[in-house]
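# Any chance you could fold what I've pasted below:
(2 chains)
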Amino acid sequence: MAKKPQFDFAASVSELEEINNWFQQEDIDLDLAVIKIKRGKEIVASCRQQLNIVENEIIKIKP
Amino acid sequence: MKKKDNIIQVGGINAGITLMANIINQRLIKLKSMAYCIVYNKPMDEIYTVSRFLDEINELVNPKKVTIQGEVNKVDIRGNAVYFTLIDPSDKSILNCFVWSFKLKSFGIDLKEGVEIKVLGYASVYKPFGKLSFQAEYISPVGEGAQKAAYEKLLKTLETAGYFAPERKRPIPPYIKTIGLITSENADAKKDFETHLGNFGFKIIFYDVRVEGLKSIDNIIEAINWFNQNTTDAEVLVLTRGGGSLESLQSFNSEAVAKAIFSSRIPIISAVGHENDITIADLTADLRASTPTHAGKILSQYWSQAQNLVDNYDSNIRSIFKKILNQLYTDLAILEKNLVDNSYLWLNRLNLRLNNFADKLTLADPKLRLKQGYSITLKNKKIIKSNSQVFPGDKITTLVFDGQFVSLIDEVK
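You can find the predicted model right below:
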């Protein structure tokens, strides 16, 4: 079974920051704004899902 | 003598020799048994050749790594090898030792007569001479002063070699999820690190190593190499232990551990000792945490702020979008108002123009002229505009304001 790719939290936060900065500009394209909002909401949901995992997993290596 | 993980720690040269003597004694008992069989004509187990016997001794003693403390007696440098003897001051017992020159150089110590040292290594019998020799894998000086001198010497060498250069240090990425932890299972440092790391869903791959004594050097190197060769998801390695004397931290001040850290593909955080203990491992690592607790905090700081950060971004984007929508509604309302206002203006203007037009039409209405006393004369339902259109005897119709009358033309002039 293929390994599930690890969620890249840092990249997600960077993308959120990018979206946030995009909304700071003067002229906003409304159609694009709707797409950005949708994407932003998706990322926020994924980040929150990740933040809900609170238990640490410890794997001991036996040399 | 303390036995742990198949490695026997020996306090002094006597104990080391005793250990090997025990091993040899076991073989001698076997030899005695063989002699008994010959003398009393009993059946014999087997007969050893000298070579085979020495091979078996070597097989037994080679894997046993021990640390022996003693005083350097004679030093003899021959090419790439350095031969020296260790003497036990209590009873003048002597152990022949051997170390490669390049290894000795990396220990940063000056091997000379009278110096007290600790040697980690293993024994073997050199078959052509039948002589037992101890091969040193690591040598450290005994005594704070000598250790400090060795530390300073190695520090200088590695600094010159660029081990501590800031430009080669890699940043520790934020939001790390998988950590390779290298420390001792029983160390307080492990507990401190884990406590301050917090619970953020970390995956901790823990490699249990010794963190004290010369034997820990190999252990730590094995762990660093293991992570580099066997894991793809460990984003950072944390090498940690609590504080201690220069002697107890000697593995973290060894060139071998520094080399392993320097060569690691995975970035390393070194958190060795307390605030004031700066080891060579700390200086070589990509990041030095002052304590195990500090290392935990470094890795958890981003996660502890992540919830707020995500909430803030979410709230910012929502409020900005709401603001944009509100602005859009306002703009639309203004447009609508302008449209209505303008349409009134336009209608008024149109009305005015229509009225003007109507006035003009009214003024142009022939009936108004008829009211004023003018009349229109028709012949055969056509308006007579010229007297050339009529002839005497023609019947013509004249329209006046309130009616019409018919006449016959008598004369045309």
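
# Strands of chain A, start to end?
Remark: strands assigned in chain A by DSSP state E are A:57-61.

# wait, the stretch 51-200 of chain B
Listed in chain order, the strands of the stretch 51-200 of chain B (DSSP state E, counting those that start in this stretch) span B:66-78, B:81-87, B:94-100, B:116-126, B:131-141, B:178-183.

# Buried deepest among these, which one?
Compared across these, strand B:178-183 shows the largest average neighbour count, a mean of 26 (mean count of other CB atoms under 10 Å in any protein chain shown). C-betas here are computed from N, CA, C, even on glycine.

# Can you name the residues in contact with it?
Contacts with strand B:178-183, where a contact means CB atoms under 8 Å, 6 or more residues apart in numbering or on different chains, come from A:6, B:189-190, B:193, B:197, B:202-209, B:211, B:220, B:223-224, B:227, B:231, B:233-241, B:266, B:292, B:299.

# before we move on, the earlier item: let me have the strands of the stretch 51-200 of chain B in a markdown table, extended by distance to B:L408 and mean pLDDT.
Formatted as a markdown table, those follow (distance: least, CB to CB, whole Å; pLDDT from 0 to 100):
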| stretch | distance to B:L408 | mean pLDDT |
| --- | --- | --- |
| strand B:66-78 | 158 | 91 |
| strand B:81-87 | 162 | 93 |
| strand B:94-100 | 156 | 93 |
| strand B:116-126 | 156 | 92 |
| strand B:131-141 | 153 | 91 |
| strand B:178-183 | 125 | 96 |
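
# Get me the contact residues on the stretch 301-413 of chain B for chain A.
B:303, B:306-307, B:309-310, B:313-314, B:316-317, B:320-321, B:324, B:328 (CB under 8 Å from any CB of the partner chain).

# Restricted to helices, list those residues.
B:303, B:306-307, B:309-310, B:313-314, B:316-317, B:320-321, B:324, B:328 (DSSP state H).

# Just the buried ones out of those, please.
By neighbour count, with 16 or more other CB atoms under 10 Å in any protein chain shown, those hold B:W303, B:A306, B:V310, B:Y313, B:D314, B:N316, B:I317, B:I320, B:F321 as buried.

# Hmm, the fourth one is touching A:K41, no?
No - contact between B:Y313 and A:K41 fails when scored by CB atoms under 8 Å: they sit 10.7 Å apart.

# Of the contacts of strand B:178-183, select the buried ones using a ChimeraX command.
Entered in ChimeraX, the line below selects the buried ones among the contacts of strand B:178-183, by 16+ other CB under 10 Å:
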select /B:189,190,193,197,202,203,204,205,206,207,208,209,211,220,223,224,227,231,234,235,236,237,238,239,240,241,266,292,299
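
# Can you flag which of the contacts of strand B:178-183 belong to helices?
Short answer: the contacts of strand B:178-183 in helices (DSSP H) are B:A189, B:K190, B:F193, B:L197, B:I220, B:A223, B:I224, B:F227, B:P292, B:L299.

# tell me the centre residue of the chain?
By default, I'm working from chain A. By CA atoms, centre = their mean, chain A has its centre lying nearest to A:S12, at 3.0 Å.

# my question was about chain B
In chain B, the residue lying closest to the centroid (CA atoms, centre = their mean) is B:P173, at 3.2 Å.

# Who are the contact partners of the residue of the stretch 151-300 of chain B found nearest chain A?
For the stretch 151-300 of chain B and chain A, the shortest gap (CB to the nearest CB) falls at B:G201, measuring 3.5 Å. B:G201 makes contacts with A:Q50, A:I53, A:V54, A:E55, A:N56, A:E57, B:K177, as judged by CB under 8 Å, 6+ apart.

# Report the contact partners of the fifth one.
Neighbouring residues of A:N56 by CB under 8 Å, 6+ apart: B:E194, B:L197, B:N199, B:F200, B:G201, B:F202, B:K203, B:I204.

# Right, I'll leave it there.
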